[in-house]
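Chemist: Need coordinates for the following:
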Amino acid sequence: MTWLAWRQHRRQALYALTALVALAAVIVPTGLKMYDALADTGLANCLDRLGDGEFVPVPAAAACEQLSRTFTNAYSAWQLPVVLLVLLPALVGLFFGAPLVAREVEQGTHRLVWTQGVTRLRWSAVKLTMIGLGAIAVALAYSALTTWWLTPLALAMRGTGRFGFPFFDLYGPAPVAYTLFAVALGVLAGTITRKVLPAMAITLFGFIGARTAVTIFARPHYQPAAELSFP
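Modeler: So this is what the prediction gives:
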């Protein structure tokens, strides 16, 4: 059963690997340029001198603010691609999750497997495990790339940094969670509709709707605002 599942989904794995290589081909050169610019402009040293305290001397903060503004303006052209990266987990849900059950039922191939002594539970468990582990691997690689790439921009935007949109959505475990959600949504849509194209449509619009709702209604309440005062 594992061999059969691999044969069925190896093309998807190849496409995912190709997409990651293409993404790295764009991200790595530009990321290296940003890291070099962060050091060459003196912004990295300036931010290190500020430290992590809540309050910093005004002259030092003003000097870093000017350097940060210059750095951010130089790389502001990457804002649109960064926003598009937020939608990449949806593509994993579209092409990994939605066809998982829908394609089998639509083409009737699931009956052939069940007649070979494979139970429905085993059939589902093997396919879900393989697709789930593959999606996690893709998401981890994607998250590592975007986290490394966006770190200079997040450092330059001291005060908001990686907690603002879209940095928060592309940092650390967030892309992995969004990818697993997209895959689960795709599997659910495929199980209900039993058609690949309707399942992909439901996955796409459901993912966008859920992401929008989280950004607007949930994100502002993740952590209460902290108020600090000083003379």
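Chemist: rest of the way, CA atoms for contacts and neighbours
Modeler: Noted.
Chemist: do you know how far the residue most central in space within the chain is from Pro166?
Modeler: Residue closest to the mean C-alpha point of the chain, counted by C-alpha atoms, centre = their mean, is Pro175 at 2.9 Å. Distance, Pro175 to Pro166, by C-alpha to C-alpha, to the nearest Å: 11 Å.
Chemist: And Leu185, by the same measure?
Modeler: 22 Å.
Chemist: Neighbour count: the two, which is higher?
Modeler: Leu185 (24 against 18; other C-alpha atoms under 10 Å).
Chemist: Low-confidence stretches in the protein?
Modeler: Within the chain, the segments meeting pLDDT under 70 span 1-7, 9, 50-63, 77, 79-80, 158-165, 224-225, 230-231.
Chemist: mind listing the helices for it?
Modeler: 2-40, 43-50, 58-74, 79-85, 88-92, 98-107, 109-114, 120-156, 167-170, 174-193, 196-213 (DSSP state H).
Chemist: so can I have CSV of these showing distance to Leu228?
Modeler: Below are these laid out as CSV (distance: least, C-alpha to C-alpha, whole Å):
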stretch, distance to Leu228
helix 2-40, 30
helix 43-50, 18
helix 58-74, 16
helix 79-85, 31
helix 88-92, 37
helix 98-107, 48
helix 109-114, 61
helix 120-156, 22
helix 167-170, 23
helix 174-193, 28
helix 196-213, 30
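Chemist: next one: phi and psi at Gly117?
Modeler: With angles defined as degrees, to the nearest 10, Gly117 sits at phi 90, psi 10.
Chemist: Can you get me a residue count around it?
Modeler: For Gly117, the count of nearby residues is 8 (other C-alpha under 10 Å).
Chemist: how about it, what does it touch?
Modeler: Contacts for Gly117 (C-alpha atoms under 8 Å, 6 or more residues apart in numbering) come out as none.
Chemist: Relative to Gln107, how far out is it?
Modeler: For Gly117, the distance to Gln107 - C-alpha to C-alpha - is 19 Å.
Chemist: Repeat that for Ala199.
Modeler: Ala199 sits 15 Å away from Gln107, going by C-alpha to C-alpha.
Chemist: Give me the more crowded residue out of the two.
Modeler: More crowded of Ala199 and Gln107, by other C-alpha under 10 Å: Ala199, with 26 against 11.
Chemist: How about the contacts made by that one?
Modeler: Contacts of Ala199 by C-alpha under 8 Å, 6+ apart are Ala98, Pro99, Ala102, Gly186, Ala189, Gly190, Thr193.
Chemist: Tell me if I'm right that the first one and Arg194 touch.
Modeler: The one in question is Ala98. No: at 9.4 Å, Ala98 does not count as touching Arg194 under the criterion of C-alpha atoms under 8 Å.
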